[in-house]
Every structure is written in C-alpha cells, then in structure tokens.
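>>> need a structure here:
(one chain, ligands or ions: 1)
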Amino acid sequence: MKVNAWNEWDPLTHVVVGRADGTMVQAPEPAVVRDWPEYGFPRGSYGPLPPEMVAAANEQLDNLARILEGRGIRVDRPETLDFARAVATPEWSQASMFGAMPVRDVLLTVGNELLEATMSFRSRWFEFLAYRPLIESYFREDPGMRWEAAPKPRLTRASYREGFWEAYEALSEAEQVALVRRGELVLSEAEPLFDAADVARCGKDLFVQLSLATNRAGGRWLRQHFPGHRVHLVTFGNPHPMHIDATWVPLRPGLVLHCAERPAEDELVQYLKVNDWEIVRAATPQRAGPPPLSACSRWLSMNVLVLDPGTVCVEASETAQIEQLGKLGFEVVPVPFWDVAAFGGGLHCATLDVHREGVLEDYFPMRYGRF
Ligand code: DAV
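Model (predicted):
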C-alpha cells in the first residue's frame with residue numbers, strides 16, 4: 001500500500017468512494033445559501049436528505065465500488081458521522097454538518113502526500129473526521145506517506161464578505177462573472193481557504209480555481225506548500241464557481257475537457273496551446289438542469305473518473321459525453337450515477353485517488369504570460 005498520484009489520468013490502483021448516509025441539506029451559514037422550496041427545503045430550513053434518496057445513491061455508489069474492484073482497483077469507503085449534529089468551535093456554532101459523499105472536496109493527493117483541505121463551510125469543518133480512520137490506516141501501512149493538513153480555518157464573520165449573497169443575487173450574470181474574474185466572491189482574504197476539488201493536477205502543474213470555496217490566500221498557501229510545482233490560480237466565466245471538476249477536466253497528457261459555457265481566461269488557453277495541449281469543448285449534457293436538491297449543475301456530465309489514459313468512467317445516461325469520449329479514443333465505462341448528484345456531485349467528486357501508477361512529470365515545458 002502506497003500513497004501516490006501526480007495527475008488525473010495515470011493508471012488508478014487504489015481509490016476511496018464516498019457514502020451517502022446521513023447527508024444533510026446543511027443548516028444556514030454565511031458561506032452558502034440553500035433555497036429549494038419546491039423540494040421541501042425553502043431558504044433557512046435544513047435537514048437530512050430523504051431516506052429513499054439515500055438508498056438510491058448508496059446503491060449507485062456501491063455499484064461504482066464493485067465496478068472498480070472488478071477492474072482490480074482497491075476501493076476503501078469512509079466512516080460516516082452523525083451529520084445532523086450541531087457543531088461548534090470556540091468562535092462559532094453551526095446547527096448541522098453536511099455529509100461524506102464528495103471525498104474529492106476534502107482530500108488532495110499530490111505525489112506521496114495526502115493533504116486535508118481547509119474547507120470554507122462551517123458545516124464541512126469537521127468532515128475530515130469521516131476520512132481519518134482511512135488516513136490513519138494509510139499512515140500506518142505506508143512508511144513513505146506524507147500526511148498533511150492545511151491550517152484549520154477560523155471561519156469567523158471576518159472570513160466572509162458581509163451581505164455578499166443579497167448583493168450578488170441582485171447582479172446581472174455579466175456583473176457576477178466580473179467578480180468571479182477578480183476573485184471577489186463570498187470569501188474574504190482574512191485566511192487561506194480552499195476545497196481540494198478546486199485543484200486539477202497535471203504533474204508539475206496544479207490548476208487552482210478561485211471559487212465560492214477557494215480564495216486567493218488559499219491559492220497562495222497551496223503555492224507555498226508545493227514549491228516543486230507551478231501552482232496557477234485560474235478563473236472561468238461561471239457565475240457560481242464551485243470546484244474545477246465540472247469545468248476544466250484533464251483527461252490525459254495533451255487533452256483537457258472544457259465546459260464552453262464557462263470560458264477560460266485567454267492566457268490559460270494560450271498556455272495550453274504553446275504546450276501543444278488540446279482543449280475540447282465537452283458535449284452538451286442530456287439534462288436541462290441539475291437534479292432535485294443538488295447544488296451542482298447539469299455539467300456533472302463531464303465530471304468523469306479517468307481509470308488510465310485510455311479508460312474513463314462516465315455517467316451512464318450522458319450518451320453525448322460517452323460518444324465524444326469514445327471518438328477521442330477512450331474505452332468508456334458507463335456508470336449510473338445521477339442519484340448521487342444531490343449528495344455532492346459526480347464520479348470525480350465521489351472519489352479520491354490514493355494511488356495511481358506513474359511519476360512526477362512536466363507536461364508544460366513552455367511558459368506563457370503569468371503561466
Ligand atoms: O460546476 O456543477 C460540480 C462539482 C461539485 N463538486 C458544477 C460543480
């Protein structure tokens with residue numbers, strides 16, 4: 001057993017798959033607004049996702065685990081906590097936690113290092129505890145593993161822009177995107193904050209999206225933490241940026257899948273170009289919108305899990321995405337996964353690569369602009 005993963009595509013041999021049990025529509029907090037009156041959760045209310053949804057999601061998660069095991073990949077599953085519990089630090093209290101489905105949000109593997117992200121929601125402050133039994137066992141089994149945790153954030157009022165959501169919701173989409181480009185969203189710069197799922201790994205290059213969960217200070221912390229890497233802070237034309245993995249998805253050396261509704265910065269596009277990388281616009285999703293009670297978008301269609309540079313798991317009903325990846329030369333493994341969406345995402349969100357074969361490589365030898 002060894003912790004090792006430098007990118008999103010090398011042959012996967014060991015993975016964590018999340019669990020749906022106990023997932024909450026989290027109690028109100030400064031970081032996020034939940035407002036789903038049509039599904040029983042109007043603004044300000046909170047509570048567990050319905051048991052029949054939990055059962056359906058767990059079935060699909062278990063099925064994913066079986067598919068991966070069938071291909072010889074070791075699969076581990078987290079513990080779950082009583083996420084309905086109120087939690088507190090000396091500086092705040094929060095009426096509920098969230099869940100342990102999207103492993104990708106919380107943990108980042110870079111080489112032999114497993115890094116616990118800061119997170120930026122109070123409801124997710126303690127989420128690392130669901131993964132600690134696994135992380136502790138990896139630490140016992142692998143003498144070479146680097147186990148790291150980013151500074152636990154304070155998440156006081158000072159970590160959030162006062163009155164952000166009311167002001168933001170009153171803006172036009174163009175005005176919202178202007179703030180996204182400037183990195184001036186709900187998080188202040190009082191302390192480093194990031195979710196691990198805002199990082200896309202391409203060997204020596206780590207692309208970090210500034211988002212509703214990741215601030216500049218978080219990006220700067222990552223840059224200083226990984227001095228052997230080029231850590232690029234990037235933005236996309238998405239008014240609700242939350243994790244890079246339904247927007248900018250590296251599939252293999254020289255190929256990234258991009259959500260064209262969320263334009264990349266020109267400098268980033270040029271950086272890929274001068275390094276002979278191809279940017280492919282992801283196929284249009286099958287659905288017009290996200291599923292009920294999901295904070296994600298329909299672009300979960302491109303939230304794929306690469307098993308090796310020639311094989312990729314794709315949500316089974318996303319036929320256009322399946323066809324596109326087939327044409328790009330991949331063997332596609334269709335995996336039914338839409339019932340998981342409400343629990344925090346798609347196939348990439350739900351997984352964490354503990355081990356991929358392969359070593360650190362530089363896939364971007366040429367510089368361009370700030371890159
Ligand atoms: O852009 O729809 C997907 C990723 C959530 N972990 C989106 C967010």
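
>>> the ligand contacts on the stretch 51-200 of the chain?
Near the ligand, the residues belonging to the stretch 51-200 of the chain are 102, 105, 197 when assessed by Cβ under 6 Å from any ligand atom. Bear in mind the C-beta positions are built from the backbone N, C-alpha and C, glycine included.

>>> what about the closest residue to the last one other than its chain neighbours, how many neighbours?
It stands for residue 197. Here the nearest residue to residue 197 in space, its sequence neighbours aside, is residue 243; by Cβ to Cβ, 6 or more residues apart in numbering that works out to 3.8 Å. Residue 243 sits with 26 neighbouring residues when counted by other Cβ atoms under 10 Å.

>>> distance of residue 243 relative to the ligand?
For residue 243, the distance to the ligand equals 4 Å [Cβ to the nearest ligand atom, to the nearest Å].

>>> surely that residue touches residue 300?
No: when contacts are counted by Cβ atoms under 8 Å, residue 243 is not listed as touching residue 300 (10.4 Å).

>>> mutual contacts of those two, please.
Where contact means Cβ atoms under 8 Å, 6 or more residues apart in numbering, the residues bridging residue 243 and residue 300 through contact with each are 345, 349.

>>> give the contact list for whichever residue of the stretch 251-371 of the chain sits closest to the ligand.
Nearest to the ligand, among the residues of the stretch 251-371 of the chain, is residue 297, at 3.3 Å (Cβ to the nearest ligand atom). Counting by Cβ under 8 Å, 6+ apart, residue 297 touches 240, 246, 289-290.

>>> residue 311 now?
Taking Cβ under 8 Å, 6+ apart, we find residue 311 in contact with 330-333.

>>> next one: residue 122
By Cβ under 8 Å, 6+ apart, the contact set of residue 122 is 29-31, 87, 92, 94, 155.

>>> just the buried ones from the contacts of residue 311, in PyMOL syntax?
The buried subset of the contacts of residue 311, as determined by 16 or more other Cβ atoms under 10 Å, is captured in PyMOL by this line:
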select buried, resi 330+332+333
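
>>> hmm, back to that, quick one, what contacts the residue nearest to residue 197?
Contact partners of residue 243, counting by Cβ under 8 Å, 6+ apart, are 104-105, 195, 197-198, 209, 211, 213, 345, 349.

>>> what does residue 239 give?
Neighbouring residues of residue 239 by Cβ under 8 Å, 6+ apart: 173, 176-177, 180.

>>> next one: residue 86
Taking Cβ under 8 Å, 6+ apart as the definition of contact, the neighbours of residue 86 are 27, 93-96.

>>> what about 10 Å?
By Cβ atoms under 10 Å, 6 or more residues apart in numbering, the contact set of residue 86 is 27, 93-97.

>>> same question for residue 45.
Applying Cβ under 10 Å, 6+ apart, one finds that residue 45 lies in contact with 25, 27-28, 34-37.

>>> ok, now residue 164?
30-31, 33, 179, 184-188, 212.

>>> for it, what are phi and psi?
Dihedral angles phi and psi of residue 164 (degrees, to the nearest 10) take the values phi -60, psi -50.

>>> and the longest helix along the chain, what's buried?
Secondary structure assigned by DSSP state H gives helix 51-70 as the longest helix of the chain. Burial within helix 51-70, assessed by neighbour count using 16+ other Cβ under 10 Å, is assigned to 53-54, 56-58, 60-61, 64-65, 67-68.

>>> helices of this protein, residue ranges please.
Taking DSSP H as the criterion, the chain carries its helices at 51-70, 103-106, 128-141, 164-169, 173-182, 216-225, 266-274, 319-327.

>>> indicate which one of those helices is closest to residue 340.
Each of the helices of the chain was checked against residue 340 via Cβ to Cβ, and the shortest separation belongs to helix 51-70, namely 4.7 Å.

>>> below-threshold pLDDT in the stretch 151-300 of the chain: ranges please.
In the prediction, the stretch 151-300 of the chain carries no residues with pLDDT under 70.

>>> please enumerate the strands of it.
Taking DSSP state E, counting those that start in this stretch as the criterion, the stretch 151-300 of the chain carries its strands at 199-202, 205-209, 230-234, 248-252, 255-258, 278-281.

>>> can you list the buried residues of helix 51-70 in JSON lines and add pLDDT?
Putting the buried residues of helix 51-70 into JSON lines (pLDDT from 0 to 100) gives the following:
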{"residue": "53", "pLDDT": "97"}
{"residue": "54", "pLDDT": "98"}
{"residue": "56", "pLDDT": "98"}
{"residue": "57", "pLDDT": "98"}
{"residue": "58", "pLDDT": "98"}
{"residue": "60", "pLDDT": "98"}
{"residue": "61", "pLDDT": "99"}
{"residue": "64", "pLDDT": "99"}
{"residue": "65", "pLDDT": "99"}
{"residue": "67", "pLDDT": "98"}
{"residue": "68", "pLDDT": "98"}
